[in-house]
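>>> Any chance you could fold what I've pasted below:
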Amino acid sequence: MLIENFFYKSHFLDMFVLKPLWMIRGTWDLFWDTDSKRYLVEEDSFGNEINDLISELESISPPENYHDNEDILAEYVDKKLNWGMKKIKKKWIGADYKVILEQGGFGDIDEKNLVLAASGRIHAAIKFGQKHFDEMENGHMIILSNVLSIILFHRYCNQ
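Got it, this is the predicted structure:
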């Protein structure tokens, strides 16, 4: 229930997670169904997928360090695509982080590392008092939004 409450009636989830996927499915806005306590599933929308992803995130244990899961994706990109990236301290240099995660997702079977990274980021936000998606610190909200969009994108491509 912790994760479900984190996304409950979010005003920003559709804008930051689903709008970037508008070219795949035209209905990117979400509407909350008070009776089912889930997002409505509409034609040409990601309503069902976002509900399923929230349930999946609710059912798994977060990693101790979600950056390790993101590093696995970055290392895949560096090795397979030879982008010449470097990790300096805790930051990957040489490419846009969103693009690194997106490209890394192509080697991430069942989006395992992406889902674990999302779970870890959500639990970290909650730990630091950001108990709802809409309350997240802006930079962390953007990265989490990117990770969630990338998960949905890869799952759409793998249908």
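>>> So Asn146: helix, strand or coil?
Judged by DSSP: H, G, I helix; E, B strand; the rest coil, the three-state class of Asn146 is helix.
>>> Isn't it up against Ile100?
No: judged on C-beta atoms under 8 Å, Asn146 makes no contact with Ile100 at a distance of 10.1 Å. In this view, the C-beta of every residue, glycine as well, is placed from N, C-alpha and C.
>>> got a pLDDT number for the residue of the chain positioned farthest from its centre?
Distance to the chain centre peaks in the chain at Asp35, reaching 25.7 Å (criterion: C-alpha atoms, centre = their mean). Note for Asp35: predicted pLDDT of 89.
>>> Roughly how far does Gly129 sit from Gly84?
Here Gly129 is placed at a distance of 39 Å from Gly84 (C-beta to C-beta, to the nearest Å).
>>> what do you get for Ile54?
37 Å.
>>> And the helices in the chain?
Under the criterion DSSP state H, helices of the chain are mapped to 2-7, 13, 47-59, 66-81, 97-104, 112-127, 138-157.
>>> Could you dump these into a markdown table and include mean pLDDT and mean neighbour count?
Listed next are these as a markdown table, based on pLDDT from 0 to 100; neighbours: other C-beta atoms under 10 Å:
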| stretch | mean pLDDT | mean neighbour count |
| --- | --- | --- |
| helix 2-7 | 92 | 18 |
| helix 13 | 96 | 24 |
| helix 47-59 | 97 | 17 |
| helix 66-81 | 96 | 18 |
| helix 97-104 | 97 | 19 |
| helix 112-127 | 98 | 21 |
| helix 138-157 | 97 | 19 |
